[in-house]
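Trainee: Got a sequence here, can you build the structure:
(one chain, ligands or ions: 2)
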Amino acid sequence: MSEPLDVPPADPAEFLDQAERSLLELSIQANRADWIYCTFITPDTEELTSLAAARLMTAATDLAKRSSALRGRTRSPVDARKLELLRRSFTLIAPSGAGEAEELSRLSSAMQALYARGRYQPRGSPAPLDVQGLSRILETSRDPASLEEAWSGWHAIARPMRSDFTRYVELANRGARELDYPDLGALWRAKYDMPADDFAREAGRLWDQVRPLYRSLHAYVRRRLGARYGPELVPDTGPIPAFLLGNMWAQSWAGIYPLLAPDTEGPSWDLGAVLRERKTTPQELVRYGERFFLSLGFEPLPATFWERSMFVRPPGRDVVCHASAWDIDYADDLRLKMCLEISEEDFFVVHHELGHNFYQRAYARQPFLFRESAHDGFHEAIGDTIALSVTPEYLTAIGLLDATSGPTDDIPYLLRRALAKLAFLPFGLVVDEWRWRVFSGDVGPERYNRTWWEMRTERQGIAPPPGRSEADFDPGAKFHVASGTPYMRYFLAHILEFQFHRALVRAAGSSGPLHRATIHGSRAAGERLRSMLELGSRREWPDALEAATGERRMDAAALLEYFAPLQRWLDHENQGAPVGW
Ligand code: X8Z
Ligand code: ZN
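Mentor: Numbering: from 1, shown residues only. Ligands and ions are numbered 1, 2, ... in the order given. Next up is the predicted model:
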């Protein structure tokens, strides 16, 4: 291991050189411990990963504190950027009190373990179900009582997380303040190459762009669900019960597409059914994703990716099933971890995750501190950008659909997309809007759950089942709250991916409507994409955005253009009906 910097070098370049070497080494150790923990949760692996994470966090915090003093002392723009990143790129800052960093780290692992081990046995079910099993009920059942039971059963797993979370907020804020941030939320908002307050406004601006379209979709869905479940359960003008939307967090409504399909729908397609019929294996599903990237001129994934990844839930042990893409050694040891099922949803999740892996690979030649995305929304947007190119025409071209079974009409296709992408936006926004208020002290533990639902009702137009109270801790039933992962990145990604898609399909020479265009097989689009990915976080994100799109601002105009035919259709469908809640 490299020596800790007892006497910090006064020369910024030398300091950074040592810092990068030490962070690389500690990060690799932390990644390896965390990989073993996430694929085999036991008290031992939990202890080992939290120790490794605490060591990394403590070293990173120490370097961040020292970097502040050196910021005025370099004339190199590259080193100035590194010093800046060193101060803001970590998600947690170690508080300096005795044992506090270790305690914070243990709380994080413990909350994650509570989530991963969470089970509920619905009445009539032969065995307890995890979040995937309960989610399947939410997607497929049409019985309100079973839906509510699956929803409440899962949310109950987060109750014991409340006290850990409260202490985590306290310690995390203590760390952030030692680095002169007002609280942890301010650090999270400081990662976007602009003042933290400006960033909060920027997110609000993007939401304002898409809000009218979201409200149109909401009104349409509410009316269809009202017709199905009756006005008692789904009021004409109020919020929609959260457990009726086909997803545990009502973050994607694609699961209940069959309830919402336009009456005029022609032949429908079910990619999941096709894949299952063909007995597609998990490996083969991942290969579909890889081949898309290869068609853009990317190099194949290394052999170790196929040997070391975890594609399916292993029998007989607890694992963290939530999908993630890993960059173990910041060189070529890339891995995917998921509990994949052969379904359309997971077909898209695979593309999402591979987007991370190809990004990691593309910036691997940068110095360590630049081996990151331009901002975290970029990382989340790449795979989803590719997935927007998974059009019926593309699926037909690779032989997964035949020309006669694909959707011929735009509206059913766009509606499906909207139920996944548009429905997500207010959820993507509200998770961290809530955490920002928690970290700032504006929302204390005595109001955690109530405020969570007030904010979700306002943003998403959804309501919890009756009877929630402060004995519940519903935010903890979402993976990213339990695991301490910032969430605003997904909101940004859901805007950016359309911006990227538009630029790349134009680079590919396509001039047709955005929702029909695919970049599959386009070297020109691949070049354009790589020019952005290879930068890592070396430049401020507007430079990276410009490399791919020629634009320097995040903008929802491409999303609105993509959904324009749907917007017209929804306006027509909603004529005379109430919109809003
Ligand atoms: O967590 C994820 C990915 C891993 S980075 C599967 N996503 C968010 C979620 O599941 O809540 C992708 C979309 C939003
Ligand atoms: Zn992701």
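Trainee: C-alpha only now, for contacts and for neighbours.
Mentor: Will do.
Trainee: From residue 502, how far out is the residue nearest to the spatial centre of the chain?
Mentor: The chain has residue 490 as the residue nearest its centroid, 4.5 Å off, counting by C-alpha atoms, centre = their mean. Using C-alpha to C-alpha, to the nearest Å, one gets 19 Å for the distance from residue 490 to residue 502.
Trainee: Give the other helices and strands that the strand or helix carrying residue 498 contacts.
Mentor: If you go by DSSP states H and E, residue 498 is part of helix 488-507. If contacts are counted by 3 or more C-alpha pairs under 8 Å, 6 or more residues apart in numbering; DSSP states H and E, helix 488-507 sits against helix 376-388, helix 424-440, helix 523-533, helix 541-549, helix 557-562.
Trainee: Pull the CA coordinates from that helix and hand them back as PDB.
Mentor: Extracted as PDB, the C-alpha positions of helix 488-507 are listed here (Å, rounded to 0.1, in the frame of the first residue of the first chain):
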ATOM      1  CA  MET A 488     -31.100  13.000  -9.200                       C
ATOM      2  CA  ARG A 489     -28.800  11.400 -11.800                       C
ATOM      3  CA  TYR A 490     -31.700   9.300 -13.100                       C
ATOM      4  CA  PHE A 491     -33.900  12.400 -13.500                       C
ATOM      5  CA  LEU A 492     -31.100  14.100 -15.500                       C
ATOM      6  CA  ALA A 493     -30.400  10.900 -17.500                       C
ATOM      7  CA  HIS A 494     -34.100  10.600 -18.500                       C
ATOM      8  CA  ILE A 495     -33.800  14.000 -20.100                       C
ATOM      9  CA  LEU A 496     -30.300  13.600 -21.500                       C
ATOM     10  CA  GLU A 497     -30.900  10.300 -23.200                       C
ATOM     11  CA  PHE A 498     -33.300  11.900 -25.600                       C
ATOM     12  CA  GLN A 499     -30.900  14.700 -26.300                       C
ATOM     13  CA  PHE A 500     -28.100  12.200 -27.000                       C
ATOM     14  CA  HIS A 501     -30.500  10.000 -29.100                       C
ATOM     15  CA  ARG A 502     -31.500  12.900 -31.300                       C
ATOM     16  CA  ALA A 503     -27.900  14.000 -31.900                       C
ATOM     17  CA  LEU A 504     -26.700  10.400 -32.600                       C
ATOM     18  CA  VAL A 505     -29.500   9.500 -35.000                       C
ATOM     19  CA  ARG A 506     -28.800  12.700 -36.900                       C
ATOM     20  CA  ALA A 507     -25.100  11.800 -36.900                       C
END
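Trainee: one step back: including distance to residue 111 and mean neighbour count, could the helices and strands packed on helix 488-507 go into CSV?
Mentor: Listed next are those as CSV, based on distance: least, C-alpha to C-alpha, whole Å; neighbours: other C-alpha atoms under 10 Å:
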stretch, distance to residue 111, mean neighbour count
helix 376-388, 23, 24
helix 424-440, 16, 21
helix 523-533, 33, 21
helix 541-549, 32, 20
helix 557-562, 35, 19
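Trainee: Ok, which of these comes nearest ligand 1?
Mentor: The closest of the helices and strands packed on helix 488-507 to ligand 1 is helix 376-388. By C-alpha to the nearest ligand atom, the value is 6.4 Å.
Trainee: And the strand or helix carrying residue 114, how far out from the chain middle?
Mentor: In the assignment (DSSP H and E), residue 114 maps to helix 100-117. From the chain centre to the centre of helix 100-117 is a distance of 20 Å (C-alpha atoms, centre = their mean, to the nearest Å).
Trainee: Please apply the same query to stretch 445-455.
Mentor: 22 Å.
Trainee: which parts of that stretch are buried?
Mentor: Neighbour counts over stretch 445-455 (16 or more other C-alpha atoms under 10 Å) mark 445, 448, 449, 450, 451, 452, 453, 455 as buried.
Trainee: So the second one sits against residue 468, correct?
Mentor: No - the pair formed by residue 448 and residue 468 falls short of the contact definition of C-alpha atoms under 8 Å, at 11.4 Å.
Trainee: OK, contacts around the residue lying closest to residue 102 once chain neighbours are set aside?
Mentor: Take residue 102 and drop its neighbours on the chain: the residue closest to it by C-alpha to C-alpha, 6 or more residues apart in numbering is residue 54, 5.4 Å away. Shown in contact with residue 54 (C-alpha atoms under 8 Å, 6 or more residues apart in numbering): 94, 101, 102, 104, 105.
Trainee: Could you check which helix or strand contains residue 54?
Mentor: Using DSSP H and E, residue 54 sits within helix 43-70.
Trainee: what do you get for residue 147?
Mentor: Element membership for residue 147 (DSSP H and E) is helix 144-155.
Trainee: helix or strand right after that helix?
Mentor: Using DSSP H and E, the first helix or strand after helix 144-155 is helix 162-178.
Trainee: Can you tell me how far the residue lying closest to residue 262 once chain neighbours are set aside is from ligand 1?
Mentor: Of all residues not flanking residue 262 in the chain, residue 412 sits nearest, at 6.6 Å (C-alpha to C-alpha, 6+ apart). Here residue 412 is placed at a distance of 22 Å from ligand 1 (C-alpha to the nearest ligand atom, to the nearest Å).
Trainee: Please identify the buried residues of the helix or strand hosting residue 412?
Mentor: Per DSSP H and E, residue 412 falls inside helix 410-421. By 16+ other C-alpha under 10 Å, the buried positions in helix 410-421 come out as 411, 412, 413, 414, 415, 416, 417, 418, 419, 420, 421.
Trainee: Local confidence estimate at the third one?
Mentor: By that I understand residue 413. For residue 413, the pLDDT comes out at 92.
Trainee: returning to that earlier point: which one of the helices and strands packed on helix 488-507 lies closest to residue 89?
Mentor: Smallest distance to residue 89 across these (C-alpha to C-alpha): 9.9 Å, for helix 376-388.
Trainee: immediately after the closest one, which helix or strand?
Mentor: Using DSSP H and E, the helix or strand that directly follows helix 376-388 along the chain is helix 392-397.
Trainee: Tell me how far that next one lies from the chain's centre.
Mentor: So, by C-alpha atoms, centre = their mean, the centroid of helix 392-397 is 26 Å from its chain's centroid.
Trainee: Name the residues of it that are buried.
Mentor: So for helix 392-397, counting by 16+ other C-alpha under 10 Å, buried means 392, 393, 394, 395, 396.
Trainee: pretty sure the fourth one contacts residue 401?
Mentor: Yes - in terms of C-alpha under 8 Å, residue 395 counts as a neighbour of residue 401; the distance is 5.5 Å.
Trainee: contacting residues around the nearest residue to residue 530 once chain neighbours are set aside?
Mentor: Using C-alpha to C-alpha, 6+ apart and skipping the chain neighbours, the partner closest in space to residue 530 is residue 362 (7.0 Å). Taking C-alpha under 8 Å, 6+ apart as the criterion, residue 362 is in contact with 530, 533, 534, 536.
Trainee: got a pLDDT number for residue 362?
Mentor: 98.
Trainee: do you know how far it is from residue 350?
Mentor: 18 Å.
Trainee: doesn't residue 336 make contact with residue 309?
Mentor: Yes - counting by C-alpha under 8 Å, residue 309 does reach residue 336; the two are 5.0 Å apart.
Trainee: helix/strand/coil for the closest residue to ligand 1 within the stretch 101-250 of the chain?
Mentor: Nearest residue of the stretch 101-250 of the chain to ligand 1 (C-alpha to the nearest ligand atom) works out as residue 249 at 8.5 Å. Following DSSP: H, G, I helix; E, B strand; the rest coil, we place residue 249 in the coil state.
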